[in-house]
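**Student:** Quick one: sequence and predicted model below, then my questions.
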Amino acid sequence: MINGGGDVKERSGLISGHTFLISILAFYCIYKFTNNFKQNGNYKQIIFIVMLFLWIGLVVMARIELKCHQPHQTLIGFVMGAIWAYVVYIVIEKIKKKSSRIEEDEKRILSIFEV
C-alpha cells in the first residue's frame, strides 16, 4: 500500500503522503484563519485561500509529473487531508474551551502576526 519511491508502474502507494500532509496544513490554516467560512471572506482571506490551493496544486502536479503517484492517489490524499484537518481543528477547539491557558497563548501568538 505504500510506495517505496520512484516510478509508479505497478507498485504505487494508495495515497500521496505529500498531498495528504500539505492538505492538512492548508485546510487547517483555512479553518483557523478564515473563521471556518462563517463570515463573508474579505479580499485578504480570498487571496490566502487561493495561494494555499495553488500550493496544493503545485505539490499534486509535482507528484504526478515525477511519476510517484497517479491522479486518483493525489485526489484521495487531498480529500483525506481536508477531512483530517477538520478533525484536528475540532479537537483543538474543544480542548481550548476546557483550558483558558491555551486560548491565552493562542491570542499572544496571533497578536505577534497581527492576525
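**Tutor:** Thanks, I have the structure now. Numbers count the residues shown, from 1 in each chain.

**Student:** Now do the buried residues in the longest helix along the chain.
**Tutor:** Scanning the chain for the longest helix, with DSSP state H as the assignment, gives helix 71-98. Within helix 71-98, the residues scored as buried using 16 or more other CB atoms under 10 Å are 73-74, 76-78, 80-82, 84-86, 89. C-beta coordinates here come from the backbone N, C-alpha and C atoms, glycine included.

**Student:** now the helix or strand following it: how far from the chain's centre is it?
**Tutor:** Counting by DSSP states H and E, the next helix or strand C-terminal to helix 71-98 is helix 100-113. Relative to its chain's centre, helix 100-113 lies at 21 Å (CA atoms, centre = their mean, to the nearest Å).

**Student:** one step back: and the longest helix of the chain, what does it pack onto?
**Tutor:** Here helix 71-98 touches helix 17-33, helix 43-65, helix 100-113, going by 3 or more CB pairs under 8 Å, 6 or more residues apart in numbering; DSSP states H and E.

**Student:** Poorly predicted segments of the protein, please.
**Tutor:** Across the chain, the ranges flagged by pLDDT under 70 are 1-12, 35-41, 113-115.

**Student:** Kindly recompute the last result at 80.
**Tutor:** 1-14, 33-45, 106, 109-115 (pLDDT under 80).

**Student:** Please identify which of the helices and strands packed on helix 71-98 is closest to residue 94.
**Tutor:** When the helices and strands packed on helix 71-98 are compared by CB to CB, helix 100-113 sits nearest residue 94, at 10.7 Å.
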